[in-house]
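1. I would like to see how this sequence folds:
(one chain, ligands or ions: 2)
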Amino acid sequence: MKLAVTTCTPEVPVPVPVALLAGAFQEKLQKAALLGFDGVELMTLAPDSIDAAPLHIQLVALGLGVAAIATGAMSFAGKLTLLATDPAVSALAQARLVQAINLAAALGAPVVTVGSFRGRLATGGHNAYARVVSILHAAAIVAERRGVRLAIEPLNRYETDLVRDVEEGLALCHAVGSHAVGLLIDTFHANIEEPSLQESFRRAIERDRLFHVHIGDSNRLAPGLGHINFATITQVLCDTGYTGYLSAELLPQPDPDTAAALTIRHMRECRSRSC
Ligand code: LER
Ligand code: MN
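-> Ligands and ions are numbered 1, 2, ... in the order given. Okay, here's the model as predicted:
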């Protein structure tokens, strides 16, 4: 089980409320390494604008892996969603998803996240569920070829009407029908929607669909500052042999660097108690 921190790539023009680390991009990577993270989750807006080869060299030199290429900034900062009503916006979002898959392959990132970027059923027009299934199916074919996986993230009811918990996520995975499509459990969302955090993790793992994890406490602050018991989660992950990443994706409070430092301190303690 590896620990990562989510941070934005240089082309993201505005601060994303759940990305951490302050400063220029280079500085952020150095801070992630100094704090002791195993990797970074890169929140991108335009993956094609990133020169992967030199970035890969920098990351290797810092001893950092890439936990995921995240699409959250595409919806937050770029207003792009797969289910956008405007066909041109949806087409651009689909093209960016392919770019994200290509960037993940170039940087050795195991997953591309699909959270708020998928859009909503209420504004997705006629047959929105069938449309998202077919869009994800097409993206999954590209992902399979590149050796990358798509991680669909259940979000709480105030942020989505399309996949709010692990059961709905598993149903969407089944409908898409690709071994490259699985789930990302975000503890902040799961704490709101799941009957039991531990059981939801177990369920996704038992179906071999747990591809990635976001960590944030019940109040979306750093683990340890709310009431989620992260040790019980690391225990399940350890017992079931989860070898993927847990990425800090949470509010940058009291500031983006302190939030990252508090996260790694608490999660290292939980991990060492569990494994
Ligand atoms: C948003 O709340 C979130 O958790 C992101 O990972 C969604 O893209
Ligand atoms: Mn998340």
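
2. check the secondary structure at residue 212 for me.
-> Counting by DSSP: H, G, I helix; E, B strand; the rest coil, the backbone at residue 212 sits in strand.

3. around ligand 1, which positions in the chain sit nearby?
-> Counting by Cβ under 6 Å from any ligand atom, the chain comes close to ligand 1 at 72, 115-117, 153, 155, 159, 186, 214, 249. Every C-beta, even on glycine, is put in place using the N, C-alpha and C of the backbone.

4. make it 5 Å
-> 72, 115-116, 186 (Cβ under 5 Å from any ligand atom).

5. helices or strands next to the longest helix along the chain in the packing?
-> Counting residues, the longest helix in the chain under DSSP state H turns out to be helix 87-107. When contacts are defined as 3 or more Cβ pairs under 8 Å, 6 or more residues apart in numbering; DSSP states H and E, helix 87-107 sits against helix 52-62, strand 65-70, strand 111-114, helix 128-146.

6. compile the ones you listed into CSV and extend it with columns for mean neighbour count and distance to residue 90.
-> Formatted as CSV, these follow (neighbours: other Cβ atoms under 10 Å; distance: least, Cβ to Cβ, whole Å):
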stretch, mean neighbour count, distance to residue 90
helix 52-62, 13, 26
strand 65-70, 27, 19
strand 111-114, 28, 14
helix 128-146, 18, 8
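
7. with mean pLDDT added, can I get these in JSON lines?
-> Converted to JSON lines, those look like this (pLDDT from 0 to 100):
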{"stretch": "helix 52-62", "mean pLDDT": "98"}
{"stretch": "strand 65-70", "mean pLDDT": "99"}
{"stretch": "strand 111-114", "mean pLDDT": "98"}
{"stretch": "helix 128-146", "mean pLDDT": "98"}
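
8. tell me which of the ones you listed lies nearest to residue 243.
-> Among the helices and strands packed on helix 87-107, strand 65-70 comes nearest to residue 243, with 11.8 Å by Cβ to Cβ.

9. what's the next secondary structure element after that closest one?
-> Beyond strand 65-70 on the C-terminal side, the first helix or strand identified by DSSP states H and E is helix 72-76.

10. follow-up on the earlier one: out of the residues of the chain next to ligand 1, which one sits closest to ligand 2?
-> residue 186 (3.6 Å; Cβ to the ion).

11. can you give me the pLDDT of the closest one?
-> For residue 186, the model assigns a pLDDT of 99.

12. next, count neighbours for it.
-> Counted with other Cβ atoms under 10 Å, the neighbours of residue 186 add up to 25.
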